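Student: Quick check, what structure comes out for this input:
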Amino acid sequence: MPETKTLSTRWMVASDYDSVMQIERASFDHPWSLDVFLKLQRASSRSCIGMVAQYRSQIVGFVMYELLKSRIEILNFAVNPDYRRLNIGSLIVEKLKNKTIQQKRSELFLSLRETNLGAQLFFQKCGFLAEAVIEDYYQDTGEAAYVFRNRLERTGKEFAPGLSPTNRISKIMESG
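Tutor: Purely as a prediction, here's the structure:
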């Protein structure tokens with residue numbers, strides 16, 4: 001397990017792209033191209049940000065996220081398969097939660113492929129709730145996306161006490 005004093009996060013820079021792309025290809029059946037990473041970081045005038053997790057001198061994980069008016073959207077998130085289950089992903093999520101609170105935003109959210117059960121379970125463990133299903137979201141496969149949210153401040157728009165959103169995930173969790 002990496003020691004916390006040798007594990008750090010920092011902004012993604014151009015020299016990180018080779019490592020990020022290796023992690024991306026090892027993590028996803030439908031990986032982003034380098035072009036997508038570059039376009040997001042260049043064209044978004046600082047609203048899209050990349051961050052990497054580094055263990056000693058090696059990039060072991062990354063996140064791409066977008067700063068929106070009242071929330072942060074996680075666009076892409078991966079940890080090197082050789083370094084999974086070592087709390088690296090949790091460290092990245094905690095950094096994002098802190099950033100969300102510091103910037104007075106109320107929530108983190110992301111869309112996950114219906115078939116990406118590992119990510120669904122990971123984000124659920126990090127305090128995210130599946131709140132919506134968007135049918136035919138992914139153009140490459142036609143599969144649905146699950147929208148996961150982590151509300152960090154109460155906005156007055158939360159569900160009534162005792163009620164929670166219902167979708168395929170919540171039904172599975174209730175029966176399991």
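Student: Using CSV, write out every CA atom in the lengthiest helix in the chain.
Tutor: The residue-count maximum for a helix in the chain (DSSP state H) belongs to helix 88-102. C-alpha atoms of helix 88-102 as CSV (Å, rounded to 0.1, in the frame of the first residue of the first chain):
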residue,chain,number,x,y,z
ILE,A,88,-6.0,6.2,-4.3
GLY,A,89,-9.4,6.7,-5.8
SER,A,90,-10.7,7.7,-2.4
LEU,A,91,-7.9,10.3,-2.0
ILE,A,92,-8.9,11.8,-5.4
VAL,A,93,-12.6,12.0,-4.4
GLU,A,94,-11.7,13.6,-1.0
LYS,A,95,-9.7,16.2,-2.8
LEU,A,96,-12.7,16.9,-5.1
LYS,A,97,-15.0,17.1,-2.1
ASN,A,98,-12.7,19.6,-0.4
LYS,A,99,-12.5,21.7,-3.6
THR,A,100,-16.3,21.6,-3.9
ILE,A,101,-16.8,23.0,-0.4
GLN,A,102,-13.9,25.5,-0.7
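Student: So for it, mean pLDDT?
Tutor: Across helix 88-102, pLDDT averages out at 91.
Student: Who are the packing partners of it?
Tutor: Applying 3 or more CB pairs under 8 Å, 6 or more residues apart in numbering; DSSP states H and E, one finds that helix 88-102 contacts strand 7-11, strand 48-55, strand 58-67, strand 71-79, strand 107-113, helix 117-125. (C-beta placed from N, C-alpha, C; glycine too.)
Student: residues of that helix that come out buried?
Tutor: 88-89, 91-93, 95-97, 99-100 (16 or more other CB atoms under 10 Å).
Student: quick one, what contacts residue 71?
Tutor: The contact partners of residue 71, by CB atoms under 8 Å, 6 or more residues apart in numbering, come to 100, 105-109.
Student: I'd like to know which of the helices and strands packed on helix 88-102 lies nearest to residue 137.
Tutor: Smallest distance to residue 137 across those (CB to CB): 6.5 Å, for strand 107-113.
Student: Off-centre distance for that closest one?
Tutor: 6 Å (CA atoms, centre = their mean, to the nearest Å).
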